[in-house]
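Undergrad: I'd like to go over a predicted model; first the sequence, then the structure.
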Amino acid sequence: GDSVTQMEGPVTLSEEAFLTINCTYTATGYPSLFWYVQYPGEGLQLLLKATKADDKGSNKGFEATYRKETTSFHLEKGSVQVSDSAVYFCALNAGAGSYQLTFGKGTKLSVIP
Amino acid sequence: GAGVSQSPSNKVTEKGKDVELRCDPISGHTALYWYRQRLGQGLEFLIYFQGNSAPDKSGLPSDRFSAERTGESVSTLTIQRTQQEDSAVYLCASTRSGFSGNTIYFGEGSWLTVV
């Protein structure tokens, strides 16, 4: 079945550091890929998405590129801020009319001043 | 409403008691989902509603779990005879129609602790 594997956390970075959170997936067909973010005390929010190979999703300085050859969708940000501290979830939708999102376990990011 | 609303936000219950968790989706969203998140785990799919029918209940972990939805509105997730392993955050989400790439909007979750 479909699955998502993302790097274990927690990740602690200093402000302005470079961030990478790795995400790889297993899916049949042509999935769409997503990153969701959960800030402390808030619900999950869509951060960015990519619906086909080589697409790059971007939002709030975060980027992720859909790499079909490596089945990856790594999240990157060039310079993190304290306000980026949150839990980040990689997810996929299998496509072809599928209505489910399959999530990774989440990676907690803490950014210190 | 402006977002997906869930209640209660926190619930502590004794083992063996029944609990009901409520979800108010965004107005006009026909699709509604329940997910469960145990501590340190990813989100587990529980059930999907399209309108008031549930074409996929495959994620419900046991017959102690049930859910219903009134029209294209409120949904209730009921857990009977709660067990300690039911302790988790229960997340509700909605989207305009069946997923197909539409953005899914999540509530803040109902934190359930079974003691």
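TA: Happy to help now that I have it.

Undergrad: Quick one: residues contacting residue 70.
TA: Defaulting to chain A. A:Thr70 makes contact with A:Thr24, according to Cβ atoms under 8 Å, 6 or more residues apart in numbering or on different chains. C-beta here means a position set from N, CA and C on the backbone, and glycine is covered the same way.

Undergrad: hm, I was asking about chain B
TA: Shown in contact with B:Thr70 (Cβ under 8 Å, 6+ apart): B:Asn52.

Undergrad: what's the answer for the one 3 residues further on, then?
TA: For B:Ser73, the contacting residues are B:24-25, by Cβ under 8 Å, 6+ apart.

Undergrad: Who's the closest spatial neighbour of B:Tyr48, skipping the chain neighbours?
TA: In this structure, B:Tyr48 finds its nearest non-sequential neighbour in B:Asp56, 4.5 Å apart by Cβ to Cβ, 6 or more residues apart in numbering or on different chains.

Undergrad: Count the neighbours of the one you found for me.
TA: Neighbourhood size, B:Asp56 [other Cβ atoms under 10 Å in any protein chain shown]: 15.

Undergrad: Quick check: residues of chain B near chain A?
TA: Within reach of chain A by Cβ under 8 Å from any Cβ of the partner chain, chain B has these residues: B:3-4, B:31, B:33, B:35, B:40-43, B:45, B:48, B:50, B:56, B:91, B:93, B:98-101, B:103-109.

Undergrad: Buried ones only from those, please, as a PyMOL command.
TA: Applying 16 or more other Cβ atoms under 10 Å in any protein chain shown to the residues of chain B next to chain A leaves a buried subset, and the PyMOL line that selects it is:
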select buried, chain B and resi 4+31+33+35+42+43+45+48+50+91+93+99+104+105+106+107+108+109
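
Undergrad: Low-confidence regions, chain A specifically.
TA: Applying pLDDT under 70 to chain A flags the ranges A:96.

Undergrad: What parts of it come near chain B?
TA: Contact residues, chain A versus chain B (Cβ under 8 Å from any Cβ): A:4, A:32, A:36, A:41-46, A:49, A:51, A:89, A:93, A:97-106.

Undergrad: Which members of the residues you listed are positioned in strands?
TA: For the residues of chain A next to chain B, the ones inside strands are A:4, A:32, A:36, A:44-46, A:49, A:89, A:93, A:102-103, with DSSP state E as the criterion.

Undergrad: For those, please prepare a markdown table with the additional fields neighbour count.
TA: What follows is these, written out as a markdown table (neighbours: other Cβ atoms under 10 Å in any protein chain shown):
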| residue | neighbour count |
| --- | --- |
| A:Val4 | 23 |
| A:Ser32 | 23 |
| A:Tyr36 | 24 |
| A:Leu44 | 27 |
| A:Gln45 | 15 |
| A:Leu46 | 16 |
| A:Lys49 | 20 |
| A:Phe89 | 25 |
| A:Asn93 | 24 |
| A:Thr102 | 23 |
| A:Phe103 | 23 |
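
Undergrad: tell me the contacts of the residue nearest the centre of chain B?
TA: Closest residue to the average C-alpha location of chain B: B:Trp34 at 3.2 Å, with Cα atoms, centre = their mean. Residues near B:Trp34 by Cβ under 8 Å, 6+ apart: B:23, B:46-47, B:67, B:75, B:77, B:90-92.

Undergrad: Phi, psi for it please.
TA: Note on B:Trp34: backbone dihedrals following degrees, to the nearest 10 are phi -120, psi 130.
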